[in-house]
Each structure stands twice: as C-alpha cells, then as structure tokens.
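Trainee: the sequence and its predicted three-dimensional model are supplied below.
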Amino acid sequence: MAIYLDCNATTPVEPSVASMVVRFLEKDFGNAASPIHDYGVFALTAVEHARGQMAEVVRVRRDEVIFTSGATESNNLAILGLAEAGMKSGRRHLITTAIEHKSVLEPFDEMVRLGFEVQILPVQSDGRFDPQRLADALRPDTLLISTMQVNNETGVLQPLSEVGDILSNHAIWWHVDAAQGFGKEIEQLRHPRIDLISISGHKIYGPKGVGALIARKHDRQFPPLRPLMFGGGQEQGLRPGTLPVPLIAGLGEAAKLTVRNHNERIAKCRAFRKKVLATFSALGAEQNGAEDCTLPHVLNVSLPGINSEQAIKALKNVIALSSTSACTSHTHTPSHVLTAMGLSSKKVEQSIRLSWCHLTPEVDWPEVETILRRLRR
C-alpha cells in the first residue's frame, strides 16, 4: 500500500477519536435533545463537553461554538447568513481573495446574484494577499471580509494578524475559513477581532461529516446571521436537526489533541519536511509559495519536465499525493490558486501537492526520486 501524502484532502483518524466515535455509536447512543433520561443526559453532556474542547482551541466562549456538518456548511452559513443584515443596512460590499476555497467563492457568487458587490483581491507570487490592498478596498458600505487562514493547495499562511490590526476600528464582519489551519497554527485564530471561524473535523484527525462555525459575540450579541435551514432550533437557532453526538464527541477529542500534542506534531512534521525538501531539491523542483510562510506539513512544487498527472500515476504504488484541491480534482481544471499566484500554465500543469502529518510513516525517498527521474527520459 502506498504511503498516504494527501493530508490536506483528509487526515487519518486519531485512534482515541475513533474509539470515542464507536463508543457513542454503539453504547451511549442517546439523543442530546432528549435529556429526560440517562441516555439523553449523557449525550447532551458529551456534546457540551466537546463544545468546550473546541472553544478552548481558539479561546472563545462555549456558546460561541455552532456545530455543523463541516467547513463547507460553515462557510455558507457565515457568508449567506449575513445577506439579510446587508440588505437591511444597505451595506452590500463584500471582500475576499482570489485563492479562497470554492466553498467561499461560490457562496459569494450567490451573493452577487442577490445584489451584492464582491471585490476579489489578487495575491502575490508568494501565495499571500497584501493586507494594504485590503485596507485600501474598505468602504463605508463594506459588510463582510472573508479570508482563509491557510491555503489548502500551497499550505501558505495568510497575514491574519495584519488584517486584525487594520479592522480594529471598523464595524465590518470578518470571516476566516480555518479548515486547513485550525489546530495546526493556533495563535492566529485567537485574535479577538475575528468574528466567524469555519472548522472541519476531518482535517484535524477527526471524523468526516462534522465541523463547526465559531461565532464570537460582541456586546453579548451574536453576528446577525440567519439560518440556511429551518426546523428544530438547535445550535442557537442557526443549525437545526438532531445533533450527531458520535461525530461531535470525536471532533471534541480531536480538538483537545490539537492543543495537547501541538509541539510534538510540529516537530515530527518538520523532520519529515527536511527529507521531502531534500528529495525535490535534487530533482530541481520549484516550490510554489514562500517557504517561510508555509506550514511544515505541506509542500507544493512544480517539477520541470514532468506532467503532474504522469507523476501521480507513476508514484501511485509508493506515495499517494495530489495536484490540486480535493474538491476540484475531478474537474481537471487548472488550479485557480496557482494561476492567481502568477504561475504559467506549464508550471501549473507540472505542480504536485504533498501533505503529511505526525501519523505518516517513513517514505522510501530514493525510490521516489528514481521514479521521477525516469519520467524525464
């Protein structure tokens, strides 16, 4: 079996997380909305415990954690949920960047259909947007800014601290898509100026199908979000439906481990990265995204003379990797992220993404190098 190097698409599940999910599937299977007997009470207790574990990672209040099905739903709720507030206030100007995930860009397309104006900021060749350009784009009628924390294709950390400083005196809602960075880079998301944070369980060694939207209160008031679905009133009235207790309990366990094991995980990823960089440097690969801004578990490179699809197929028995975002890989369209960074179409076609984690076993890198050199003959 090939070694899995596609952790930005999804991560393996921590053993303790898997055990937690199974426990609430098989034994403690009560409905958290039915605390009229021990089964329901224990389910509700588990949900609230997980809520607290999530809140601790970003230092928010427990009631500011809204459980969802994942970051895609959270992104949609954060963006589309503000449409009514924008219409009522006349603030119809929105700002985002050219490298956002499709689950941000497509809701913004829907906001355009609803009569909003969306301004998309370009990014620099290092894979980051320029905070000054964001500052220059602010207007009295700006309602929302949405910026990702870490890019899913390059692993490049975005300048959130600078944005927080820029927005300190502006009454503009700020949403951060933290699907790729939550629990991997911790301090940024603790910035009190961030209003909304989207989180995905399966990117932090938790189960698929669960995530959260952090909605920070200001003056004891939530951001003026409207739900996308109705019927039940759960999760502060923003996300109806029976709570998936097994998934939520697993997500809470995964969140706890991101803080407890953070330094150990970073150290393992950095040690693994040295071997990855050595191999691809020997092949003359060109890194896409600034190394000093890239998290230690991701590398996006273009391989001169080698098409990415050829490389992925040739390596399939050794390592499993990708060339773009998992959500768009089936479309066979060029990466909008790398294109926005100014890469030529040739370099984009030669790009591959490797992403690993603290659970990744050792790779036979000499064999990887040998296989890729053969492709150039």
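Mentor: Alright, I've got the coordinates. Numbers count the residues shown, from 1 in each chain.

Trainee: for Gly209, give its distance to Thr72.
Mentor: Using C-beta to C-beta, to the nearest Å, Gly209 is found at 11 Å from Thr72. From N, CA and C alone the C-beta is placed, and that goes for glycine too.

Trainee: same check on Asp136?
Mentor: 30 Å.

Trainee: comparing the two, which shows the higher neighbour count?
Mentor: The neighbour comparison of Asp136 against Thr72 (other C-beta atoms under 10 Å) goes to Thr72, with 21 against 10.

Trainee: what's the mean pLDDT across whichever helix or strand the more buried one is part of?
Mentor: For Thr72, the host element (DSSP states H and E) is helix 71-80. Mean pLDDT, helix 71-80: 98.

Trainee: alpha carbons of it, as PDB, please.
Mentor: Only the C-alpha atoms of helix 71-80 are listed here, as PDB (Å, rounded to 0.1, in the frame of the first residue of the first chain):
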ATOM      1  CA  ALA A  71     -16.300  23.800   6.900                       C
ATOM      2  CA  THR A  72     -18.300  24.000   3.600                       C
ATOM      3  CA  GLU A  73     -21.600  24.400   5.500                       C
ATOM      4  CA  SER A  74     -19.900  26.800   8.000                       C
ATOM      5  CA  ASN A  75     -18.600  28.900   5.100                       C
ATOM      6  CA  ASN A  76     -22.000  29.100   3.600                       C
ATOM      7  CA  LEU A  77     -23.700  30.000   6.900                       C
ATOM      8  CA  ALA A  78     -21.100  32.700   7.600                       C
ATOM      9  CA  ILE A  79     -21.500  34.300   4.200                       C
ATOM     10  CA  LEU A  80     -25.100  33.700   3.100                       C
END
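
Trainee: next secondary structure after it?
Mentor: Next along the chain from helix 71-80, counting by DSSP H and E, comes helix 83-89.

Trainee: what's the first helix or strand after that following helix?
Mentor: strand 93-97.

Trainee: could you list every helix and strand that that following strand packs against?
Mentor: Helices and strands touching strand 93-97, by 3 or more C-beta pairs under 8 Å, 6 or more residues apart in numbering; DSSP states H and E, are helix 102-113, strand 117-121, strand 142-148.

Trainee: most tightly packed of these?
Mentor: strand 142-148 (a mean of 24; mean count of other C-beta atoms under 10 Å).

Trainee: now the angle between strand 93-97 and that strand, please.
Mentor: Between strand 142-148 and strand 93-97, the angle comes out at 10 degrees (axes from the mean of the first three to the mean of the last three C-alpha atoms, to 10 degrees).

Trainee: pairing partners for strand 142-148, with directions?
Mentor: strand 93-97 (parallel), strand 173-177 (parallel) (DSSP bridges).

Trainee: buried ones in stretch 175-188?
Mentor: Of the residues in stretch 175-188, 175-185, 188 count as buried by neighbour count, 16 or more other C-beta atoms under 10 Å.

Trainee: next: stretch 228-239.
Mentor: 234-235, 238-239.

Trainee: now do the same end-to-end measure for stretch 63-76.
Mentor: 20 Å (C-alpha to C-alpha, to the nearest Å).

Trainee: which parts of it are buried?
Mentor: Neighbour-count burial for stretch 63-76 [16+ other C-beta under 10 Å]: 64-76.

Trainee: just how off-centre is that stretch within its chain?
Mentor: How far stretch 63-76 lies from its chain's middle: 12 Å, per C-alpha atoms, centre = their mean, to the nearest Å.

Trainee: begin at 44, not 1, for the rest of this chat.
Mentor: With 44 as the first residue, the last one maps to stretch 106-119.

Trainee: for Ser59, give me its contacts.
Mentor: Residues counted as contacts of Ser59 (C-beta atoms under 8 Å, 6 or more residues apart in numbering) are 296, 300.

Trainee: on that earlier part again, elements contacting the helix holding Thr115?
Mentor: strand 108-111, helix 145-156, strand 185-191, strand 216-220, strand 239-243, strand 254-258.

Trainee: same list (these) but as CSV, adding mean pLDDT and distance to Met272.
Mentor: As requested, the helices and strands packed on helix 114-123 are exported to CSV (pLDDT from 0 to 100; distance: least, C-beta to C-beta, whole Å):
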stretch, mean pLDDT, distance to Met272
strand 108-111, 98, 10
helix 145-156, 98, 15
strand 185-191, 98, 20
strand 216-220, 98, 19
strand 239-243, 98, 17
strand 254-258, 98, 13
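
Trainee: would you map the strands across the stretch 294-420 of the chain?
Mentor: Assigned by DSSP state E, counting those that start in this stretch, the strands in the stretch 294-420 of the chain fall at 329-330, 341-345, 362-363, 394-398.

Trainee: could those be laid out in JSON lines, adding mean neighbour count?
Mentor: Listed next are the strands of the stretch 294-420 of the chain as JSON lines, based on neighbours: other C-beta atoms under 10 Å:
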{"stretch": "strand 329-330", "mean neighbour count": "16"}
{"stretch": "strand 341-345", "mean neighbour count": "25"}
{"stretch": "strand 362-363", "mean neighbour count": "19"}
{"stretch": "strand 394-398", "mean neighbour count": "26"}
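
Trainee: got JSON lines for these, with distance to Thr197 and mean pLDDT too?
Mentor: Output for these, formatted as JSON lines (distance: least, C-beta to C-beta, whole Å; pLDDT from 0 to 100):
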{"stretch": "strand 329-330", "distance to Thr197": "9", "mean pLDDT": "96"}
{"stretch": "strand 341-345", "distance to Thr197": "5", "mean pLDDT": "98"}
{"stretch": "strand 362-363", "distance to Thr197": "19", "mean pLDDT": "97"}
{"stretch": "strand 394-398", "distance to Thr197": "8", "mean pLDDT": "98"}
